[in-house]
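A.B. asks: turn this into a model:
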Amino acid sequence: MRYAIVIEQAGGNVGAYAPDVPGVGVTAATPEDAVASLREALVMQFEAMVEDGDPIPPPTTPITAFSLEVEVPTAA
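C.D. replies: Predicted structure coming up:
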């Protein structure tokens with residue numbers, strides 16, 4: 001399955017999580033490390049869910065990303 005993930009700067013680290021899988025998130029030094037760690041965390045989570053007889057959450061978040069430039073007003 002293909003899940004949307006969010007990668008964001010978190011202080012001096014990078015955080016990553018999948019919105020469709022609550023409770024699973026990681027931090028790492030680089031975006032690449034965060035993606036690799038998140039993949040491992042999701043696999044472990046899904047394995048545990050299968051063992052417990054819980055359903056795997058389906059990917060429902062659309063995979064769309066873009067950046068948006070916004071003009072921010074300054075104080076006079």
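A.B. asks: and the residue positioned nearest the centre of the chain, how far from Gln9?
C.D. replies: Closest to where the C-alpha atoms of the chain average out (Cα atoms, centre = their mean) is Tyr17, at 1.9 Å. Per Cβ to Cβ, to the nearest Å, Tyr17 is found 13 Å from Gln9. From N, CA and C alone the C-beta is placed, and that goes for glycine too.
A.B. asks: pretty sure the residue nearest to the centre of the chain sits against Val6.
C.D. replies: Yes - proximity of Tyr17 to Val6 meets the contact threshold set by Cβ atoms under 8 Å, at 5.7 Å.
A.B. asks: what's the neighbour count on Met44?
C.D. replies: Counted with other Cβ atoms under 10 Å, residues neighbouring Met44 total 11.
A.B. asks: which residue ranges of this protein form helices?
C.D. replies: Secondary structure of the chain (DSSP state H): helices at 31-52.
A.B. asks: returning to that earlier point: nearest residue to the residue nearest to the centre of the chain other than its sequence neighbours?
C.D. replies: Once flanking residues are discounted, Tyr17 sits nearest to Gly25: 3.8 Å by Cβ to Cβ, 6 or more residues apart in numbering.
A.B. asks: verify the stated contact: the one you found with Ala16.
C.D. replies: Yes - look at Gly25 against Ala16 with Cβ under 8 Å: they come within range, at 6.8 Å.
A.B. asks: before we move on, back to that, contacting residues around the residue nearest to the centre of the chain?
C.D. replies: Ile5, Val6, Val24, Gly25, Val26, Leu38 (Cβ atoms under 8 Å, 6 or more residues apart in numbering).
A.B. asks: hmm, try it at 7 Å
C.D. replies: Tyr17 is in contact with Ile5, Val6, Val24, Gly25, counting by Cβ atoms under 7 Å, 6 or more residues apart in numbering.
A.B. asks: before we move on, back to that, so Gly25 and Ala16 - more neighbours on which side?
C.D. replies: A direct count of neighbours by other Cβ under 10 Å for Gly25 and Ala16 places Ala16 higher, at 23 against 17.
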